[in-house]
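In: heads up, no residue letters with this:
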């Protein structure tokens with residue numbers, strides 16, 4: 001198959017699902033020559049992007065890379081024998097006719113515009129989480145997916161993990177009884193740091209491009225690369241960073257993939273107290289989200305896990321007064337006893353706990369002697385998240401982590417952040433019309449002002 005015929009295959013089958021084609025394109029990658037492999041364009045070549053690129057080369061060839069920091073792009077080019085074309089502006093990469101699919105692994109504030117521009121340029125997209133920076137952005141991405149018929153996969157790889165799939169199947173098949181409560185715990189990653197000094201912009205970095213739609217600031221090295229996630233201008237802190245992963249699994253087990261909470265009420269500790277040129281996302285938080293079917297979801301920081309991420313000063317001590325304020329008087333005792341990040345599903349008969357370390361609970365132990373019935377509810381099969389994306393590029397089927405689903409997951413995280421930033425206001429959420437119904441100020445925070453010329457449309 002020639003390069004042009006392969007691209008024509010991808011484009012003409014966009015939007016067609018469940019069909020098989022008598023073409024060598026659908027054969028195993030190992031059986032094809034280099035010229036038959038899918039052309040991959042990587043946008044965002046930092047740590048996550050480099051890892052995604054390596055993972056994706058099992059199914060295609062990295063032909064182009066774009067990064068506002070050309071040092072990242074050149075490093076990745078050297079990794080792949082100087083073959084990929086390097087761009088600083090991702091828009092040039094999208095013009096490259098050898099690029100069939102895009103892997104997007106940029107800071108959060110660039111996710112939506114790049115995903116949309118790539119799909120409108122005729123590319124299928126594997127986009128890293130968090131899915132978006134705001135709820136309104138998510139609505140727009142979902143609209144463009146439908147308009148273009150492109151294949152979209154979100155990098156919430158826990159969806160393809162066996163332990164998470166089994167946990168969800170146990171809950172959906174009522175092995176814990178009627179689901180009553182879900183605990184979603186994140187580790188305590190510190191965002192205590194600053195004030196940071198401005199510096200001369202490195203020659204290899206297009207600082208204006210890096211900032212994109214976000215407000216412009218003097219260049220501070222700590223605003224870039226992996227540490228961007230502790231700045232609200234570019235991200236949502238741990239609430240959206242790990243939250244998109246764990247809330248995703250919680251929604252899956254709750255059968256709320258395409259729905260959302262009724263109310264959200266959250267509190268958070270901002271270690272730098274709003275001081276200028278400091279990290280400005282909360283690093284400790286507690287939120288209560290109430291869902292249909294009388295399900296309560298508790299979303300919070302577990303203090304026993306304190307991994308250190310470069311850029312922060314360290315972990316602040318949390319006083320007893322702060323803990324009392326954060327968790328309140330009605331916090332369930334199991335939250336205070338929990339020492340691990342992960343998701344706990346609690347039913348009226350039993351409970352299970354799952355994280356990347358494994359799956360635990362009596363219903364899990366009983367599976368060997370009492371397997372789930374063949375006619376029971378089962379997850380969509382996937383044991384390799386990147387492979388699932390490339391399989392769907394060929395088949396035009398829906399991926400296991402599509403846009404609409406992940407939009408709903410991260411929306412719960414965004415609502416939590418909005419409540420926290422408004423001092424703990426209780427928000428009423430209409431998941432059908434996707435609006436906050438009781439707080440006009442909070443409703444304006446479903447979107448953010450965007451700097452020209454990087455607006456999303």
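Out: Perfect, I can see it now. If you're wondering where the values come from, they're calculated on a predicted model, not measured in any experiment.

In: Correct me if wrong: residue 280 contacts residue 232.
Out: Yes. Contact criterion Cβ atoms under 8 Å: residue 280 and residue 232 qualify, at 5.0 Å. Where you see a C-beta, it was placed from the backbone N, CA and C, and this is true even at glycine.

In: now the strands: where do they sit in the stretch 301-450 of the chain?
Out: When assigned using DSSP state E, counting those that start in this stretch, the strands of the stretch 301-450 of the chain occupy the ranges 342-347, 351-355, 358-360, 426-430, 435-436.

In: okay if I get those as JSON lines plus distance to residue 276?
Out: Output for these, formatted as JSON lines (distance: least, Cβ to Cβ, whole Å):
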{"stretch": "strand 342-347", "distance to residue 276": "36"}
{"stretch": "strand 351-355", "distance to residue 276": "37"}
{"stretch": "strand 358-360", "distance to residue 276": "43"}
{"stretch": "strand 426-430", "distance to residue 276": "28"}
{"stretch": "strand 435-436", "distance to residue 276": "29"}
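
In: what sits against the residue lying closest to residue 274 once chain neighbours are set aside?
Out: Closest residue in space to residue 274, ignoring its immediate chain neighbours: residue 280 at 6.8 Å, by Cβ to Cβ, 6 or more residues apart in numbering. Residue 280 makes contact with 191, 230, 231, 232, 233, 270, 272, 274, according to Cβ atoms under 8 Å, 6 or more residues apart in numbering.

In: swap in residue 180?
Out: 294, 295, 296, 346, 347, 348.

In: between those, which is nearest residue 420?
Out: residue 296 (18.0 Å; Cβ to Cβ).

In: now the closest one: how far from residue 250?
Out: Distance, residue 296 to residue 250, using Cβ to Cβ, to the nearest Å: 11 Å.

In: Might you report the residue contacts of residue 139?
Out: Going by Cβ under 8 Å, 6+ apart, residue 139 touches 407, 434.

In: After whichever helix or strand it is part of, which helix or strand is next?
Out: Counting by DSSP states H and E, the element that carries residue 139 is helix 135-148. Using DSSP H and E, the helix or strand that follows helix 135-148 towards the C-terminus is strand 152-154.

In: what's next to the next helix or strand after that next one, contact-wise?
Out: Toward the C-terminal end, the helix or strand that comes next after strand 152-154 (DSSP H and E) is helix 162-172. Residues outside helix 162-172 that contact it (Cβ under 8 Å, 6+ apart): 158-159, 176, 179, 249, 252-255, 343, 345, 347, 352, 354, 356, 358-359, 363-364, 367, 372, 376-379, 383.

In: For stretch 379-391, buried residues please.
Out: 379, 382, 385, 386, 387, 388, 389, 390, 391 (16 or more other Cβ atoms under 10 Å).

In: Pull the contacting residues for the most centrally placed residue in the chain.
Out: Nearest residue to the geometric centre of the chain (Cα atoms, centre = their mean): residue 129, 2.1 Å. For residue 129, the contacting residues are 154, 155, 156, 241, 244, 245, 406, 410, by Cβ under 8 Å, 6+ apart.

In: Just name the closest of those to residue 429, please.
Out: Comparing the contacts of residue 129 against residue 429 with Cβ to Cβ places residue 410 closest, at 13.6 Å.

In: pLDDT score assigned to that closest one?
Out: Residue 410 carries a pLDDT value of 98.

In: and it, how far is that from residue 41?
Out: From residue 410 across to residue 41, the span is 24 Å (Cβ to Cβ).

In: pLDDT below threshold where in this structure?
Out: 1-35 (pLDDT under 70).

In: care to break it down by domain?
Out: 3-159, 161-376+404-444 (automatic domain parsing).
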